[in-house]
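Peer 1: got a sequence here, can you build the structure:
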Amino acid sequence: MKIAVTGSIATDHLMHFPGRFADQLIADQLHKVSLSFLVDDLVVRRGGVASNIAFGLGQLGLTPILIGAVGADFADYRSWLERHGVDCGSVHISDVAHTARFVCTTDDDLNQIASFYAGAMAEARNIELAPVAQRVGGLDLVLVSANDPAAMIRHSEECRERGFPFAADPSQQLARMPGQDVLSLITRADYLLTNEYERSLLEQKTGLTGDQVLDQVKVRVTTLGKDGVEITGREIGRIHVPVARDVLPDDPTGVGDGFRAGFFAAISWGLGLERAAQVGSLVAALVLETVGPQEYEIKRDYFAKRLADSYGDTAAAEISPYLPD
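Peer 2: As a prediction, the model looks like this:
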């Protein structure tokens, strides 16, 4: 299955605040917040929604096609991704801008305050999918993840025009996209992915009820944090999958991207939605247990054991044959 992943490609600057953001916020002064947090740790990691998802797919033995815009400073990052199975042949290199930057501070409760500098990402709107499909011999699925908003709209429109199955994953960009653009993004999507808060925000912005959203998409996947993931659809009953067991959390950055990588890897293997959510949930757990969204490693025997511990021997037996050696 040829999966193209469109979206942001960035460098993450991750910091830790030894305290709780909530203790520093004064309810009746939120309209004039002026805060500086003294952090006790800084790590610089490879990140970006699309590249995180593509890395995870590569870890699971696929060769995803990464589609996004970067600066001339991408050379080392490209080598890293290609060593981990990612096809970077369709990444656009800007002549004028740097690769995007994500700057994030996490507190002791794993709450986060972040800023994102788009940089070269703004040029993703110039990328056409047709030449990518021609280069690789067709596309079986396109993930339209958080990116330059104009690029997200263009890519979903092109998927509809050319008949490429696609997944709409607006993520952080819901905050800045007007309702009409959100509706344009999700219409006729094969999959719609959000977290629980984003689900409510999407319905508020589009003016649609949950049932009306399902009239627009085939399958709706909602991650629920510690409560797992919920899957609904036009012709399926509700599916709920709990989080993986015995997780030792360290850094939440990129957890949702890990879920998406595992979920769509399992879909590409021909597994059902419940198994796909289980694979996604375990990949998300591995991301949560490491600092940085691309610092984990999937080892077949260990992954299969944790699948069995979390979801039972039958699930592990069905999934394990597809895991890379």
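Peer 1: neighbours of the closest residue to residue 192 other than its chain neighbours, how many?
Peer 2: Leaving aside its chain neighbours, residue 192 sits nearest to residue 217 (4.3 Å; criterion: Cβ to Cβ, 6 or more residues apart in numbering). Yep, even glycine has a C-beta here, placed from its N, CA and C like the rest. Here the number of neighbours of residue 217 (other Cβ atoms under 10 Å) works out to 21.
Peer 1: look up how far residue 240 lies from residue 217.
Peer 2: According to Cβ to Cβ, to the nearest Å, residue 217 stands 19 Å off from residue 240.
Peer 1: and for residue 40?
Peer 2: From residue 40 across to residue 240, the span is 38 Å (Cβ to Cβ).
Peer 1: do the same with residue 318
Peer 2: Distance, residue 318 to residue 240, using Cβ to Cβ: 18 Å.
Peer 1: quick one on the thing from earlier: how about the residue nearest to residue 192, what does it touch?
Peer 2: Listed by Cβ atoms under 8 Å, 6 or more residues apart in numbering, the contact partners of residue 217 are 168, 186, 188-192.
Peer 1: of those residues, which belong to strands?
Peer 2: 168, 189-192 (DSSP state E).
Peer 1: let me have those in TSV, extended by pLDDT.
Peer 2: Rendered in TSV, the data for the ones in strands among the contacts of residue 217 read as follows (pLDDT from 0 to 100):
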residue	pLDDT
168	98
189	98
190	98
191	98
192	98
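Peer 1: sorry, back to before: local confidence estimate at the residue nearest to residue 192?
Peer 2: Looking at residue 217, its pLDDT reads 97.
Peer 1: please name the bridge partners of it.
Peer 2: Residue 217 has these beta-bridge partners by DSSP bridges: residue 189.
Peer 1: ok, back up a step: just the buried ones from the contacts of residue 217?
Peer 2: By neighbour count, with 16 or more other Cβ atoms under 10 Å, the contacts of residue 217 hold 168, 186, 189-192 as buried.
Peer 1: and those, which two are furthest apart?
Peer 2: Farthest-apart pair in the buried ones among the contacts of residue 217 is 186 and 190; separation 10.6 Å (Cβ to Cβ).
Peer 1: partners of the worst-scoring helix or strand of the chain on mean pLDDT, with directions?
Peer 2: Lowest by mean pLDDT, DSSP states H and E among the helices and strands of the chain is strand 112-117, with a mean of 88. Partner strands and pairing direction for strand 112-117 (DSSP bridges) are strand 100-106 (antiparallel).
Peer 1: as CSV, could you dump the C-alpha coordinates of the partner strand?
Peer 2: Provided in CSV are the C-alpha atoms of strand 100-106 (Å, rounded to 0.1, in the frame of the first residue of the first chain):
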residue,chain,number,x,y,z
ALA,A,100,9.8,25.0,10.3
ARG,A,101,10.4,25.2,14.1
PHE,A,102,8.3,23.9,16.9
VAL,A,103,9.1,25.3,20.4
CYS,A,104,7.4,23.6,23.2
THR,A,105,7.5,23.7,27.0
THR,A,106,6.0,20.8,29.0
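Peer 1: circling back: closest one of the contacts of residue 217 to residue 85?
Peer 2: Using Cβ to Cβ, residue 191 comes nearest to residue 85 of the contacts of residue 217, at 22.0 Å.
Peer 1: grab the nearest non-local neighbour of the closest one.
Peer 2: residue 167 (3.8 Å).
Peer 1: retrieve the pLDDT associated with the one you found.
Peer 2: Looking at residue 167, its pLDDT is 98.
Peer 1: ok, the one 10 residues further on next?
Peer 2: Looking at residue 177, its pLDDT is 94.
Peer 1: looking at the ones in strands among the contacts of residue 217, which is nearest residue 139?
Peer 2: residue 190 (12.3 Å).
Peer 1: tell me how far the closest one lies from residue 272.
Peer 2: Plainly put, residue 190 is 15 Å away from residue 272 if you go by Cβ to Cβ.
Peer 1: what's the answer for residue 108, then?
Peer 2: Going from residue 108 to residue 272 by Cβ to Cβ gives 38 Å.
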